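Undergrad: sharing a sequence plus its predicted fold:
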Amino acid sequence: MKSKSKRQKISYQVEYEDSVSSRRHNILKKDRISNLPYNVLRHILSFLPTKHAVGTSILSTKWKNLWTSVPNLDFEDDLLLQGRRPGNESIGDLRVSFLSFVDRVLILHNAPHIHRFRLKCGQNFKSSHVNAWIYAALLRYAQELDLCVPMKNYKSLHCDLFRSKSVVYLKLDEYNTELCEYKIVIDAPNLEYLRLFDYVAEGYHLKNLNSLTEAQVHVDLSTRKLEQMGHAYYGQQVLELIKGIHNVKVLHLTGDSMEALKLSSCDLPTLHNVSHLEIDVNKNIGWQLLPDLLKSVPNLQALYFGMGLERKRGGAEYEGSISSIRQNIFKKAIVQEEEDRISNLPYKVLCHILSFLPTKYAVGTSILSTKWKTLWTSVPNLDFEDDLLIHGRRPGNASIKDLRVTFSSFVDRVLNLNNAPHIHRVRVKCGQNYKPSHVNAWIDSALWRNVQELDLCVPMRNYKSLHCEGEYNTEFCEYRIIIDTPTLEYFRLHDYVAEGYDLKNLKSLTEAEVHVDLSTQKLEQMSHAYYGQAVLKLIKGICSVKFLHLTGDSMEALKSSGCDLPMLHNVSHLKLNVNRHIGWQLLPDLLKSLPNLLALYFPMGLVHKWGGDCQWHPPEWVPCCLLFRLKKISIWEFQGKKGEFKMVKYLLQNARVLRMFRIRTNHLTKEEELKITKELLLLPRGSVTCQVVCS
């Protein structure tokens, strides 16, 4: 199996088992969320308000500084005030707390770039503070600004604040005041989206908005200043605002915005680029501006009435040609009462959503609308499972053979129609038998598209040679496993012993789990030594691995090979499970083959779960790794049996540079645990720096 992808992952069983590396703990005890990669955790925190993201720092050492690298910052003073009573703290003190919190976060935040900066304040803060917060975000090349702050004491937002080449999304919402003695200055050549939800400002200076694609304008005419300055004055200000965004393609005007434009008594500018227009009805003037507005957008393709044609609370209706609008003035105009918000999401977001679904369901979305028809063909994750296709069908309606043909045709068609430039993940799980040529073709198709993760669980009954196999509900093992992937980093095999393993060019392999099953009927025919030599060849093929996990059957197979183990110089972490038949007879030879071993783990304990002792016979010699390298030993499920203490004594006495010896006991009384701890502390140690911990 050949591939040039950056990272590939081959899994031979859906059921998860413990990993080799020390970073993966027992599945019954581990914190799965904390074990996710840092990038994933940061992505999760990016959806939280910054207050809650900072709060995760108390969870553990790993989480302590994680929030400082989250690219999204979301500040809202209501969250800080939530749950506090004014009697305990004055509003002034709470404002100071919020101010200090924002300042401290911005100082400690170390992400090289800020993607989104949101600031919502219900209380009044000094303009110098707000200016400083916005300026700090822009210094980090913030792309999205979402501001909702009171303007009570503002004459002008600092002109430099909205002179930025990095901002592509700008949302300005005025909050909780009717005073509007300020100007808005925007100079952002890369701005693509602008939303103004505000009282009419005293001036709008908008320039260099050549990249602007979408704008929402909601001005509020309910301010007391309107009575002093006159309707025409504020209408002219809104007209200047519209002129500043004349390049926009998608425009949304609220009822008050349309009333302000009507009151300006000036001709509307021609907006040649506007192709989509959404407008709301105004209580006072109805649709009086509509003819002039449509005249100013000669290239309009779609028209939306987001709030309907009549004001919900009554008021004036348009007394002109509203009937002609109802009959579609433009053939491409659309009257839309309710919007499908999901379908209006960007294509990349929709593809990301579909990537979490089995491919059967992703393809099923093609019937929703024209937009969804071919969307699934761009999804980079493919997940095929024949049980999903067969589910709900009775053999009487379609034979299993026919369903297999249907599944094969479905997979072939999806792979042919998928046009994503690269496939990130392919998963194939089959409960039925398929021709090797079909499965090989599916895998080859994925590898040809530079797949990064490959997860296979397919039957092997009729397979002689397959580039990537997994076991599923069969004891037949007349097949070979051939792997040639120079960039492979992780390899997991959970399978019956194959007839041959040809593994080469695995120089990038870091971690491997080997679980071979010796319960097959073929073992009686071919002898243990035959299969032992096959497993030995498998181990030789992964000799460059650093993290190695061997199950009990794997160790038994190696023992029965009758051959010396290969030297695995790169293995630094080893995880072993006990074998019921041979116990730990292989352990001395195995440690001898790992001269650079640093950590040794026994996740299933030293005694097999089906009874017996640990079957340990100490050798007369000491492996090199115990004398010079091994620094950590961890044993789970310790029962305190005589054979266990015998093995522990050997390890403690001969591990000369050991730093940590940890034993975990389960299902024991406190008295039994105390007794075990005392006996452990009395055992001789070869390392003066060794710390023995029993929990």
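TA: Sure, I can see it.

Undergrad: was I right about Lys249 contacting His272?
TA: No. Using C-beta atoms under 8 Å, Lys249 makes no contact with His272, being 10.1 Å away. Where you see a C-beta, it was placed from the backbone N, CA and C, and this is true even at glycine.

Undergrad: in terms of neighbours, single out the busier of those two.
TA: Lys249 (16 against 12; other C-beta atoms under 10 Å).

Undergrad: quick one, helices of the stretch 251-400 of the chain?
TA: Secondary structure of the stretch 251-400 of the chain (DSSP state H, counting those that start in this stretch): helices at 255-263, 290-295, 322-326, 347-354, 359-364, 370-373, 386-390, 400-417.

Undergrad: between the ones you listed, which has the poorest mean confidence score?
TA: Here the lowest mean pLDDT among the helices of the stretch 251-400 of the chain goes to helix 322-326, at a mean of 35.

Undergrad: Thr487 is nearest to which of the helices of the stretch 251-400 of the chain?
TA: The closest of the helices of the stretch 251-400 of the chain to Thr487 is helix 400-417. By C-beta to C-beta, the value is 21.9 Å.

Undergrad: helices and strands around the helix or strand that that closest one is followed by, which ones?
TA: Note on helix 400-417: by DSSP states H and E, the next helix or strand toward the C-terminus is strand 425-429. Strand 425-429 sits against strand 381-385, helix 436-448, strand 453-457, with contacts defined as 3 or more C-beta pairs under 8 Å, 6 or more residues apart in numbering; DSSP states H and E.

Undergrad: switch to 10 Å and redo it
TA: strand 381-385, helix 386-390, helix 436-448, strand 453-457 (3 or more C-beta pairs under 10 Å, 6 or more residues apart in numbering; DSSP states H and E).

Undergrad: hmm, Lys62 and Asn35 touching each other?
TA: Yes. Using C-beta atoms under 10 Å, Asn35 is in contact with Lys62, at 9.0 Å.

Undergrad: identify the contacts common to the two.
TA: Listed as contacting both Asn35 and Lys62 by C-beta atoms under 10 Å, 6 or more residues apart in numbering are Leu41.

Undergrad: give the residues shared as contacts by Lys249 and His272.
TA: Common contacts of Lys249 and His272, defined by C-beta under 10 Å, 6+ apart, comprise Asn299.

Undergrad: all the strands of the stretch 51-200 of the chain, in order from the start?
TA: Applying DSSP state E, counting those that start in this stretch to the stretch 51-200 of the chain gives strands spanning 72-76, 116-120, 144-149, 169-174, 183-187, 193-199.

Undergrad: and stretch 617-629, C-alpha only, in CSV?
TA: C-alpha atoms of stretch 617-629 as CSV (Å, rounded to 0.1, in the frame of the first residue of the first chain):
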residue,chain,number,x,y,z
HIS,A,617,11.0,-16.6,36.6
PRO,A,618,13.8,-14.1,37.1
PRO,A,619,16.8,-14.5,34.9
GLU,A,620,20.3,-14.6,36.2
TRP,A,621,21.3,-11.6,34.1
VAL,A,622,19.9,-8.1,33.9
PRO,A,623,18.8,-6.4,30.6
CYS,A,624,20.8,-3.3,29.6
CYS,A,625,17.8,-1.0,29.7
LEU,A,626,17.2,-1.7,33.4
LEU,A,627,20.7,-0.8,34.3
PHE,A,628,21.1,2.4,32.3
ARG,A,629,17.9,3.6,30.7
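
Undergrad: run through who's touching that stretch.
TA: For stretch 617-629, using C-beta under 10 Å, 6+ apart, the contacting residues are 571-572, 574, 583-585, 587-600, 630, 633, 643, 646-647, 649-651, 653-658, 686.

Undergrad: make TSV out of the strands of the stretch 51-200 of the chain and add mean neighbour count and mean pLDDT.
TA: TSV is the format used below for the strands of the stretch 51-200 of the chain (neighbours: other C-beta atoms under 10 Å; pLDDT from 0 to 100):
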stretch	mean neighbour count	mean pLDDT
strand 72-76	21	91
strand 116-120	19	90
strand 144-149	21	86
strand 169-174	20	82
strand 183-187	19	79
strand 193-199	20	80
